[in-house]
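*Asks:* just a sequence and a predicted model for now, questions to come.
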Amino acid sequence: MNLATKDIRHNFGRFALTAVGIGMLLMVVMGMGGIYRGVVEDATLLIDRVGADLWIVQRDTRGPFAELSRVPANLVYRAAAVPGVQSSREFVYHTIQRQRDGQPLRIAVLGLSWPTDKGEWVPLMTGRPLGQSHYEMITDKTLGMSIGEQLNLGKETYTVVGTTSNMISSGGDGIAFVTVTDAQAIQFDTPGEAVRLERAARESRGEAFEQAIQQPMMLENAGRPTVQIPAIARPQISAVMVTLSHGANPNEVTKTISGWGDVSVYTAEGQRELLLKGSVEKVRKQIGLFRVLLTIIAAIIMALILYTLTLDKIHSIALLKLIGAPNTVILGLIMQQALILGIVGFGIAYLVGQQLFPKFPRRVIIANADLLELAGIVLAISVLSSMLGIWKAMKVSPNEALS
Amino acid sequence: MTSDSKAYAIEADGLTKIYGSGNTEVVAMRDASMNVKQGEVVALLGPSGSGKSTFLTAVGLINPPTSGRITIGGKLVLDGETAQTNLRSFRREHIGFIFQKSNLIPFLSAVENVQIAMELNGESKRSARSRAIELMDYLGVADRADNLPSMLSGGQQQRIAVARAIANRPSVILADEPTAALDGHRGRQVMELFAKVAHEQGAGVIVVTHDHRALDVFDTIYEMEDGLMHEHND
């Protein structure tokens, strides 16, 4: 006769409520692990999907995913000339925040190196890759935009031609793919008044400059639009992505590019590691510690619940001892209830989580390995938390049945 | 061990129980002795606080005496506070208990309350259930087999407790005021049942009681007062 299930059946309402409570707690523990997985997945997805073998970034920086990186746009041609390099592309990546329908809209803008890269590698849900060099974009579904929808960015209007999913920045913002030129135009967009003021400032500085006084043409140049002034550098890009030729030795190419004084070069794996060990590492520790705390709290709550359940049965336990029940029967009664509570709680956590997690603003990824790990933890805390109840039950004297 | 002692279900010899020590010392039972033959039904009378329950729990191997010896079915089981065997398993196999309150397990049905005693003693679930139903039928409560104790009357609960106590065919049955919650008629029925079981199974039965209306059922009557035991000869 299974005393544990008989007792549960008798106190079903209370047990069910307790199991739901434990389940919700375990769901939070499960969710925290899932949030961490989601953060890592979102952060590394772009690096993994974009398919670059090497990343050339500003000298002594850790690249655009870790910090601000600025390299000249013509670096892409220098990289393409290195033996072993099949192709090189600009990488422009920045985050903007605009208003849409009265709500703040954060967008991670990523520049595609038109015409070599039209975004064919982006997994599309609807629509198509970019079809022209300007004013089109592919957006992640989290941005809430549909095909044909238009958005004003800078001085231009961009039309959504494709939608994708799970293309998220490490900050959790949906990515919008535009051409590199458009991405730079969005990034370096300056209001007309600011342009006029800068031009006036240049003229003013020039007037105080001895050479400009001697050569008035220089002052005329200073008053021209920025793009017409050869001395002013073109807008810079974040990094250059390199695809190696088949059979090329990555170490050789890396060694060659590393010799240039103005840049650093990383493999895709190196860039991934830098990202994970940088901003994601703190998130991992934060979530990890929170998860440990929640697990300890769950164990304490379970222990208290099982202790209370045992206290409720003290008279029955004393009676069982009186009629000669061995300790294993009493131990089994409490331990089985703890395990049932843990297993049912885990099941509730899983089922409710499956319904709730997709509604979270950021991805919550529950991997099978995490589920197994949590199942092991639940098993362990079920056993550990039953110890308090078992200790109490072992101390009960059969005399108490007579009192 | 003499051949005479084998005929005894219970031999309690010079039992003394002292609680506390020094100034707080209380002697609950002093040199109490009782021999109960197999098939004999013994009543133990006495006022509250006289030591009856102390004696019963000592003989029931729940609360060992400070000194004295307890032999059950010819086997010495307690020598003072020293157990000569595993008391819990000995209780399970040889002793049946009935209390003033029925003391049923609240989360088990009536039949399961009887069944559990047999299953703990190694009987299979099927045969334990079959015998439990048989005993309940014998006691007139078979129709309440699947009810929880909370759904039974005091008398029905007590009969389930009796069924549980005799389920393992114990050599000793100990009852502590088993008829206190019953009316006179039901109380007498229970006493007669003890006598019947004792005679049929050859069990020694000790019943602590205040109920003087059914004393004719008992073979022997003992009385306790201030921890001292003596046989009632009237």
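*Replies:* Yep, that arrived.
*Asks:* pLDDT at residue B:179, what is it?
*Replies:* Looking at residue B:179, its pLDDT is 79.
*Asks:* where does pLDDT dip in chain A?
*Replies:* A:225-235, A:403 (pLDDT under 70).
*Asks:* all strands for it, in order.
*Replies:* Using DSSP state E, the strands of chain A run over A:54-58, A:85-100, A:103-112, A:124-127, A:136-140, A:150-153, A:156-164, A:174-179, A:239-244, A:263-267.
*Asks:* next, format those strands as a markdown table and append mean neighbour count and distance to chain B.
*Replies:* In this view, the C-beta of every residue, glycine as well, is placed from N, C-alpha and C. Formatted as a markdown table, those follow (neighbours: other Cβ atoms under 10 Å in any protein chain shown; distance: least, Cβ to the nearest Cβ, whole Å):
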| stretch | mean neighbour count | distance to chain B |
| --- | --- | --- |
| strand A:54-58 | 25 | 66 |
| strand A:85-100 | 18 | 60 |
| strand A:103-112 | 20 | 55 |
| strand A:124-127 | 15 | 55 |
| strand A:136-140 | 25 | 55 |
| strand A:150-153 | 15 | 65 |
| strand A:156-164 | 19 | 57 |
| strand A:174-179 | 26 | 55 |
| strand A:239-244 | 24 | 68 |
| strand A:263-267 | 21 | 64 |
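*Asks:* which other helices and strands contact the helix or strand of chain B with the lowest mean pLDDT?
*Replies:* Lowest on mean pLDDT, DSSP states H and E among the helices and strands of chain B sits helix B:184-201, with a mean of 80. With contacts taken as 3 or more Cβ pairs under 8 Å, 6 or more residues apart in numbering or on different chains; DSSP states H and E, helix B:184-201 sits against strand B:41-45, helix B:154-166, strand B:172-176, strand B:204-208.
*Asks:* flag every buried residue along it.
*Replies:* Going by neighbour count (16 or more other Cβ atoms under 10 Å in any protein chain shown), the buried part of helix B:184-201 is B:186, B:187, B:188, B:189, B:190, B:191, B:193, B:194, B:195, B:197, B:198, B:201.
*Asks:* what's in contact with that helix?
*Replies:* With Cβ atoms under 8 Å, 6 or more residues apart in numbering or on different chains as the test, helix B:184-201 has contacts from B:39-41, B:139, B:155, B:158-159, B:162, B:166, B:169-170, B:173, B:175, B:178-179, B:182, B:203-205, B:207, B:209, B:211, B:213-214, B:217-218.
*Asks:* check contacts around the residue in the stretch 301-403 of chain A positioned nearest to chain B.
*Replies:* Residue nearest to chain B within the stretch 301-403 of chain A (Cβ to the nearest Cβ): residue A:324, separated by 2.3 Å. By Cβ under 8 Å, 6+ apart, the contact set of residue A:324 is B:88, B:89, B:90, B:91, B:92, B:93, B:95, B:117, B:120, B:121.
*Asks:* and residue A:266, how close does it get to residue A:101?
*Replies:* 40 Å (Cβ to Cβ, to the nearest Å).
*Asks:* show me what the longest helix belonging to chain A is packed up against.
*Replies:* When chain A is parsed with DSSP state H, its longest helix is helix A:12-50. Helices and strands touching helix A:12-50, by 3+ Cβ pairs under 8 Å, 6+ apart, are helix A:268-277, helix A:279-312, helix A:327-356, helix A:368-395.
*Asks:* what's the pLDDT at the residue nearest in space to the middle of chain B?
*Replies:* Centroid-nearest residue in chain B, with Cα atoms, centre = their mean: residue B:174, separated by 1.0 Å. Looking at residue B:174, its pLDDT is 91.
*Asks:* low-confidence ranges, chain B, go.
*Replies:* B:1-6, B:102, B:181, B:233-234.
*Asks:* check it for the residue nearest chain A and tell me.
*Replies:* For chain B, Cβ to the nearest Cβ, closest residue to chain A: residue B:92, 2.3 Å.
*Asks:* now that residue: which helix or strand?
*Replies:* If you go by DSSP states H and E, residue B:92 is part of helix B:87-94.
*Asks:* I'd like the next helix or strand past that helix.
*Replies:* Later in the chain than helix B:87-94, the nearest helix or strand by DSSP H and E is strand B:95-98.
*Asks:* got the residues of chain A near chain B?
*Replies:* With Cβ under 8 Å from any Cβ of the partner chain as the criterion, chain A meets chain B at residues A:1, A:3, A:6-7, A:9-11, A:316, A:319-326, A:329, A:397-399, A:401-402.
*Asks:* of these, just the buried ones, ChimeraX syntax please.
*Replies:* In ChimeraX syntax, the buried subset of those is picked out as below (16+ other Cβ under 10 Å):
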select /A:3,6,7,10,316,319,320,321,322,323,324,325,329,398,401,402
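*Asks:* perfect, that will be all.
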